[in-house]
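Participant: Build me a model from this:
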Amino acid sequence: MRKHLLVIGTLAFALFGAQNTETLKKELEKQNRENNEKFDAFIVKQYGTAQKSASSQLEIQNQRSLLAGFSPDGIPYFYQTDDVNQINNSNSDHLQNGTIAGLNGAFNGENISFTIFDGGRAANTGRVFARHTLFDNRPGRIINHESNDMNHGGHATSVAGFIGAKSFIRNGINYKGIAPASTIHSYAFSNTRLPGENTEKTVFEKILVAQPNISNHSYGINNGWDLNAAQNGWVWNGAYNNGVSFDLQGAYFTQDQNYDRIVYANPSYIIVKSAGNYFGYGPLYPGTANWPKFYKNGNAFVQFNQNNVLPQTNCALGYDCIGSGSLAKNIIVVGANDIIASNGGRYNVSADVIHSSYSSAGPRDDGGIKPDISAVGTGVSSGLSAENLNGSNEYTTGSGTSYSAPVVTGIIGLWTQINKQLFNNAEFNAASAKTLMVHSASEAGNNPGPDVSHGWGFINAKKGAELLVGKSNNTVTFNDETLNNRVTNSKNIKASGTEPLKVTISWIDPEYVLPDVNVLTWNDVNNNRASKLVNDLDLRIIDTVTNTVYFPWKLDVNNPMAAATKADNTVDNVEQVIIDAPVAGRSYRIEVTHKGNLINNNGNIAPQNYSILVTGFDNKLIARKGTEAEKSRSSASLVIAPTITKDIVKILRAPEKSVYSIYDLSGKKLQNGIINGEEESLHLSSFVNGIYIIEVKTDKETVNKKVIKE
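Facilitator: Predicted structure coming up:
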């Protein structure tokens, strides 16, 4: 019966997700139509209704393809690109070389697919150059989904290389990517007509077409000061009126809402995005004091005069220059660090991680932690291609969050590959990927905890892999769980005392619904401190002896450069609680609860799924108090049957929260899990025929049974 209920529940969830996605498709199509109508009206104002020259028509076409949205005063803004030490610095080589204890073999992205949404330096560019030497280690590694009349993208080719270039040494530089055996699907982030389609699709509509498990998005929007070649100077992308300026830096806006809606409707989509390269842009940028400076007034550029009070340089105070679209809750946003050259290219202490001077810093305007993570992106080498139909085998060295984001994307792909090996081909979801990434991150910055430049720290591929191994041998708890409305989920653990007691949770939150964009004003969005959380989960650890309550990290929205503190966090859909020196053997209670009502993105009361990772304990989790029937179960009545099978072996009447493991005759652990009901079905269909040992550990004893899979 339990198996049938699971199937029905899964089917219902799938149908709900499909209905949600279909609704989302229609809403995104409507948004695309409305944006194009607004853009048409803008073009009439800018160019008039007279016949336009060929150059003007080309400029309009290019702008339309890169159209991202509109500011509150109706001015369009546009996407732009955000531009092997990265392997060693992130400890990815330990995964590639197969040196992680407890894992079988090396991990280079075999049978893992990535999707990238990218572009080039001009319009109608975005296809990865599939014939580049860096991708010729096996056929079909790059799959382009745009039409064949789109030019190759130099930037797109570089990004694909950071994810999956083969090992190739040229002039002493190894161009190897994180997952050199993976497959990469390529789309442009610009608005294009895909083959077989009748209308142009935005990047959000393309995500729904691609259905990516892991996707990389190395592009963004600069909502502050930006270089403008046409004006030969600085242009302020916000609003300006008589010395008062407004902007969307740090603002949760329509693009963020779209990303959150997509992931909420499709929880398996792991979206990784660059933070942007706009830190320090503006009047105080070195060597640009004499450059002309402009702001936009309707469709015209107006030059600031000497008496005007200029808007501040981006991140003038060290924070608040991430553009809208890189502030969504349900995606992973990546900042950039300089190469770690000391210690043989290995992270040793937090001081080894240096924030790259250009990498945009958070937080979100409500104090939410962005970026989420950082990786090396400065002075790194990659493949390149000419931006034409033929493409070319070229190489370059450059810097940007465009180059740190695909490192994180690649590492998550390797973690996915490991997870599949350890847990019977199981996939990650977006919440699990973020939980693992945050929990395993190396400390970065001048103070403990998260900060505005590095997010939760510096990506650590090796530590993430070790945590997955820990889950497989029950030394780490890493689960997907569900919190019901007005319920508290609690677990008791005993601290090991040999390391900090650390708990991390994350969840896929419903999108924050913005007011109608047609009535939004700058006052509504500029530095709006209202929390963008919909479901505010609360993580706490309670000392059961002293009743001391330990709180999660949070940033001070009014002083983001200050060290993170530990208090009630009402803005982040990631919470982490750490007890640095727990008492060895003492019982601590982990509680997950929530404020208000839990709702879905239709506003109806609904349970909230979350991912939880716990380290620093020396015993299995002590289960919640069960029913009398559950208590009466004992290992004396435990049954493992049948002993000869083609597929399923059942564990019957095991005490709740018993742990099962499957071993081959060499002693290698192939699968494990926790028993939550009177009947647990183990599927052996993916195993080769042979003899296996099934072990069940209860709180009193260990039961072993040999079974034959034929």
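Participant: now the helices for the chain?
Facilitator: Assigned by DSSP state H, the helices in the chain fall at 2-47, 54-65, 85-89, 93-96, 154-164, 203-210, 254-265, 401-422, 430-440, 461-472, 522-525, 628-632.
Participant: Outline the domain layout of the chain.
Facilitator: According to automatic domain parsing, the chain comprises the domains 468-615, 628-709.
Participant: Out of these, which gets nearest to N137?
Facilitator: domain 468-615 (26.0 Å; Cβ to Cβ). From N, CA and C alone the C-beta is placed, and that goes for glycine too.
Participant: Check the separation of the first and last residues in that closest one.
Facilitator: 12 Å (Cα to Cα, to the nearest Å).
Participant: Which of the helices of the chain has the lowest mean pLDDT?
Facilitator: Lowest mean pLDDT within the helices of the chain: helix 628-632, at a mean of 37.
Participant: how about a markdown table for the domains of the chain, with mean neighbour count and distance to T435 added?
Facilitator: Listed next are the domains of the chain as a markdown table, based on neighbours: other Cβ atoms under 10 Å; distance: least, Cβ to Cβ, whole Å:
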| stretch | mean neighbour count | distance to T435 |
| --- | --- | --- |
| domain 468-615 | 17 | 4 |
| domain 628-709 | 15 | 18 |
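Participant: can you list the ones you listed in JSON lines and add distance to A239?
Facilitator: Supplementary listing: the domains of the chain in JSON lines, determined by distance: least, Cβ to Cβ, whole Å:
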{"stretch": "domain 468-615", "distance to A239": "5"}
{"stretch": "domain 628-709", "distance to A239": "55"}
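Participant: which stretch in these has the least confidence?
Facilitator: Looking at the domains of the chain, the bottom one is domain 628-709 with a mean of 77.
Participant: Please state the offset of it from the chain centre?
Facilitator: Averaging C-alpha positions (Cα atoms, centre = their mean, to the nearest Å) puts domain 628-709 35 Å from its chain's average.
Participant: Give me the pLDDT value at L310.
Facilitator: Note for L310: predicted pLDDT of 95.
Participant: Quickly note the distance from it to L227.
Facilitator: Distance, L310 to L227, using Cβ to Cβ, to the nearest Å: 16 Å.
Participant: And L670, by the same measure?
Facilitator: 56 Å.
Participant: just G377 next, same as before
Facilitator: When distance is defined by Cβ to Cβ, G377 is 19 Å away from L227.
Participant: the more surrounded of the two?
Facilitator: Higher neighbour count among G377 and L227: G377, with 33 against 15, using other Cβ atoms under 10 Å.
Participant: just checking, that one touches S404?
Facilitator: Yes. Counting by Cβ atoms under 8 Å, S404 is a contact partner of G377 at 3.2 Å.
Participant: tell me, what's touching these two both at once?
Facilitator: By Cβ atoms under 8 Å, 6 or more residues apart in numbering, G377 and S404 have these common neighbours: Q86, A336, N337, S359.
Participant: now, which of these lie within strands?
Facilitator: Judged by DSSP state E, these include A336, N337 as members of strands.
Participant: so I184 bridges to which residues?
Facilitator: F114, I142 (DSSP bridges).
Participant: Quick one: residues contacting W234.
Facilitator: W234 makes contacts with 225-228, 281-283, 285, 288, 291-294, as judged by Cβ under 8 Å, 6+ apart.
Participant: in the stretch 101-250 of the chain, which spans are strands?
Facilitator: Secondary structure of the stretch 101-250 of the chain (DSSP state E, counting those that start in this stretch): strands located at 113-118, 125-127, 142-144, 151-152, 169-170, 173-174, 183-188, 214-217, 219-220, 225-228, 233-236, 239-241, 244-246.
Participant: closest to V487 out of these?
Facilitator: Closest to V487 of the strands of the stretch 101-250 of the chain is strand 214-217 (Cβ to Cβ; 32.1 Å).
Participant: What pairs with that closest one, parallel or antiparallel?
Facilitator: Using DSSP bridges, the strands paired with strand 214-217 in its sheet are strand 113-118 (parallel), strand 270-274 (parallel).
Participant: now the ones you listed in TSV, with mean neighbour count and distance to F162?
Facilitator: Formatted as TSV, those follow (neighbours: other Cβ under 10 Å; distance: least, Cβ to Cβ, whole Å):
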stretch	mean neighbour count	distance to F162
strand 113-118	26	10
strand 270-274	29	11
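Participant: Output these as JSON lines; include the columns mean pLDDT and distance to L103.
Facilitator: As requested, these are exported to JSON lines (pLDDT from 0 to 100; distance: least, Cβ to Cβ, whole Å):
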{"stretch": "strand 113-118", "mean pLDDT": "98", "distance to L103": "21"}
{"stretch": "strand 270-274", "mean pLDDT": "98", "distance to L103": "21"}
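Participant: To V353, which of these lies closest?
Facilitator: Shortest distance between V353 and the strands paired with strand 214-217, using Cβ to Cβ, is found for strand 270-274: 17.6 Å.
Participant: Just give me the neighbour total for G276.
Facilitator: 33.
Participant: Identify the residues contacting it.
Facilitator: Going by Cβ under 8 Å, 6+ apart, G276 touches D82, G220, I221, N222, C321, I322, G323, S326, S359, S360, T401.
Participant: closest one to E443 among the strands of the stretch 101-250 of the chain?
Facilitator: When these are compared by Cβ to Cβ, strand 214-217 sits nearest E443, at 25.3 Å.
Participant: Residues touching that closest one, excluding its own?
Facilitator: 112-118, 159, 163, 189, 203, 207, 269-274, 331, 405-406, 409, 412-413, 416, 433.
Participant: For it, what is the distance to the chain centroid?
Facilitator: That offset, for strand 214-217, works out to 8 Å (Cα atoms, centre = their mean).
Participant: so for that strand, what's the average pLDDT?
Facilitator: Mean predicted lDDT for strand 214-217 stands at 98.
Participant: Pull it out as CSV, backbone CA atoms only.
Facilitator: C-alpha atoms of strand 214-217 as CSV (Å, rounded to 0.1, in the frame of the first residue of the first chain):
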residue,chain,number,x,y,z
ILE,A,214,21.6,22.6,-14.3
SER,A,215,21.9,25.8,-16.2
ASN,A,216,24.5,28.6,-16.4
HIS,A,217,23.5,32.3,-17.0
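Participant: Burial check on A68, number of neighbours?
Facilitator: With other Cβ under 10 Å as criterion, A68 counts 24.
Participant: Show the pLDDT at it.
Facilitator: Confidence at A68, expressed as pLDDT, is 70.
Participant: I figured it hits F253, correct?
Facilitator: No. Counting by Cβ under 8 Å, A68 stays clear of F253, with 9.7 Å between them.
Participant: any residues in contact with both of these two?
Facilitator: Common neighbours of A68 and F253 (Cβ under 8 Å, 6+ apart) are G325.
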